[in-house]
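>>> predicted structure and sequence below. I'll ask about it afterward.
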Amino acid sequence: MTDKRQSAVYALLPFCENSEVIFRCPSDTGSREDRTPLWESFGSSYKLEGRALSRPALPERTVIDAKTGKPKVKKAEPRLDRFVKHHEVGIDVKKQMEGKQLKPEDKVQSSQIQLARDMVEPWKVGEVRSAPLRGVYTTVSQHPQHMNVLFVAGNVLSFSEQADWDEFRGKTGGDD
């Protein structure tokens, strides 16, 4: 993302009375290097879960790798329409359409498919990240004791430990 208007937040604005402020967490205090809220750089204090949202067709494009800071070519991607009925069956529709093997965390109930969560998990405080819209920055948790997660069904849960979050998502540990 080289312009915050590329964020899914901007696609959602017409459904939110065009109010960008709902995507700003009052506890968003930026990074260790720059106290400007992440919201001002990224257009949101929250990470939106891509598998919960539809996607337009995307051409082949060159993007900046967030980890290395180097350009890389991303393949073209077809249009993907996700509907509530897809979430009700509890699977990652994108992976299914691509014919990929589904992992346990891809087979969840609709109430467990996350829509958005705090930008920084409390167990990742101090992690160094890089983004074209912000440069290199060191993460600060919005809520030092927990992470809030909004689910497609409209419920919100808080997680204090990475192990609890991974267990909830069906992950068995490690980097899988």
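Received it, and whenever you're ready, just let me know what you need.
>>> only C-alpha atoms for contact and neighbour calcs from this point on.
Will do.
>>> so which bits of the helix of greatest length in the chain are buried?
Determined from DSSP state H, the single longest helix within the chain is helix 162-169. For helix 162-169, the buried set under the neighbour-count rule, 16 or more other C-alpha atoms under 10 Å, comprises 162, 165, 169.
>>> ok, how many other residues are close to the residue nearest to Val128 when sequence neighbours are not counted?
Sequence neighbours aside, Thr138 is the residue nearest to Val128 in space, at 4.4 Å (criterion: C-alpha to C-alpha, 6 or more residues apart in numbering). Counted with other C-alpha atoms under 10 Å, the burial measure for Thr138 works out to 16 neighbours.
>>> so what's Thr138 up against?
Shown in contact with Thr138 (C-alpha atoms under 8 Å, 6 or more residues apart in numbering): 31-33, 125-129.
>>> doesn't Asp34 belong to a strand?
No - going by DSSP: H, G, I helix; E, B strand; the rest coil, the assignment for Asp34 is coil, not a strand.
>>> may I have the phi/psi pair for the closest residue in space to it that isn't next to it in sequence?
Among residues not flanking Asp34 along the chain, Tyr137 sits closest, at 7.8 Å (C-alpha to C-alpha, 6+ apart). When read as degrees, to the nearest 10, the backbone of Tyr137 gives phi -150, psi 160.
>>> Tyr137 against Gly30, yeah?
No - checked against C-alpha atoms under 8 Å, the pair Tyr137 and Gly30 is beyond contact range at 9.0 Å.
>>> those two: who's more crowded?
Counted by other C-alpha under 10 Å, Tyr137 and Gly30 do not tie: Gly30 has more neighbours, with 21 against 17.
>>> SS state for the more buried one?
Gly30 - assigned by three-state DSSP - is coil.
>>> what's near enough to touch it?
Contacts of Gly30 by C-alpha under 8 Å, 6+ apart are 36-38, 139-140.
>>> going through the residues you listed, which ones are buried?
The neighbour count (16+ other C-alpha under 10 Å) marks 37-38, 139-140 as buried among the contacts of Gly30.
>>> pull the most distant pair out of those residues.
Across the buried ones among the contacts of Gly30, the longest distance by C-alpha to C-alpha is 11.3 Å; it joins Pro37 and Thr139.
>>> could you check the pLDDT of the residue nearest to Val128?
pLDDT for Thr138: 92.
>>> again, but for Lys75
90.
>>> surely Trp123 is in a helix?
Yes - according to three-state DSSP, Trp123 belongs to a helix.
>>> enumerate every residue touching it.
By C-alpha under 8 Å, 6+ apart, the neighbours of Trp123 are 161-162.
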